[in-house]
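S.K.: Here you go, sequence then predicted model.
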Amino acid sequence: MKAVVQDRYGSADVLEIRDVADPVIGEDDVLVRVCAAGCGPDVWHLMTGLPYFVRLMPGFHKMRAGVRGRDVAGVVQAVGAKVTGLRVGDEVMGIVEGSFAEFAVGRPDKLVAKPAALSFDEAAAVPISGLTALQAVRNAGAGQRVLVIGAAGGVGTIAVQIAKALGAEVTGVCSTSKMDLVRSIGADQVIDYTREDFADGTRRWDLIVDTAGRRSLSKLRRALDPKGTLVIVGGEGGGRVTGGFFRQMLRAPLLSMFSRQRLRPLIAEEKRADLQVLAEMIESGTVRPMVGRTYPLIQAADAVRFLERGHAGGKVVITI
């Protein structure tokens, strides 16, 4: 089969299209014929091995070489002897290892039925970004003021929609060119960060979701209600050693111990139950994933380069 493979850490130049052996499934596995695969920051971190801190994370070294990609949407090609609930021919979305390929092996507890309303491209934009968004805003209540920074991205577009569905008053932060997109998905207000400072002290929010990961905690806290919650997604920005992870995983929880404000780092849990919640929200019309740009498998390296530039409105998706 064709697959996007890397043998070493580096820029997108390390990604190569190769012919590799077809995957073999075990009795607890599912073989998926990949139709589309999401391309997000997880791909970049695994590809570059940056910041160096992430190389210490459990399981990271096992994934550093091999086929890239984890978000998947496709069709079940074969199931292991012990697999129940999935059959050959089922259309699914979820998380696998190595989705930048014609076929990938996954576990049934990380796959759900693809909502009929979605194309495969749209479904591939859901799993990791959707889980992150859901777990970031699921405790938002009716009338709460929610600020989503990076509201036009893969996580942000879903977070805005879920928060609105929960009854929150949602403000999205994005660049000038993405303002119409963020309004179209239901944001009550939109702030253009190139022209306006959301942390100027004139407004405060009960919940802030920072998907961009590059702003200081002191600035974010100025915009947070004295008893509010800050959810920090990802570890972008910073240097090559710790990147934004020092701020996210160490400083934020430490500061929370001495403040009424709750500063919460978030690395999404890959729960099938939450994937099912997302699927139900999509089926009901509450959430619609946004695809920013698509690339064919042979141009996967270009997709990662585009992702690095930070211009995507919605999720970048690889089509197979």
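M.R.: Happy to help now that I have it.
S.K.: drop to CA atoms for contacts and neighbour counts, all remaining ones
M.R.: OK.
S.K.: Now name the helix or strand holding the residue of the chain most remote from its centre.
M.R.: What lies farthest from the middle of the chain is A81; by Cα atoms, centre = their mean that is 31.5 Å. Per DSSP states H and E: A81 is located in neither a helix nor a strand.
S.K.: Not counting sequence-adjacent ones, nearest residue to it?
M.R.: E27 (4.7 Å; Cα to Cα, 6 or more residues apart in numbering).
S.K.: The one you found - that's part of a strand, no?
M.R.: No - using DSSP: H, G, I helix; E, B strand; the rest coil, the assignment for E27 is coil, not a strand.
S.K.: Surely it is in contact with A78?
M.R.: No - contact between E27 and A78 fails when scored by Cα atoms under 8 Å: they sit 10.4 Å apart.
S.K.: Which stretches in the stretch 51-200 of the chain count as strands?
M.R.: 66-67, 71-79, 91-96, 103-113, 145-149, 169-174, 189-192 (DSSP state E, counting those that start in this stretch).
S.K.: Relative to V137, which of the ones you listed is closest?
M.R.: strand 145-149 (8.5 Å; Cα to Cα).
S.K.: who does that closest one pair up with?
M.R.: Sheet pairing for strand 145-149, assigned by DSSP bridges, gives strand 169-174 (parallel), strand 205-210 (parallel).
S.K.: Go through these and name the closest to G106.
M.R.: Comparing the strands paired with strand 145-149 by Cα to Cα, strand 205-210 comes nearest, at 29.9 Å.
S.K.: closest to V43 out of the strands paired with strand 145-149?
M.R.: strand 205-210 (19.5 Å).
S.K.: for the spatially most central residue of the chain, what are its contacts?
M.R.: What sits nearest the mean C-alpha location of the chain, by Cα atoms, centre = their mean, is S129, with 2.5 Å. For S129, the contacting residues are 154-155, 158, by Cα atoms under 8 Å, 6 or more residues apart in numbering.
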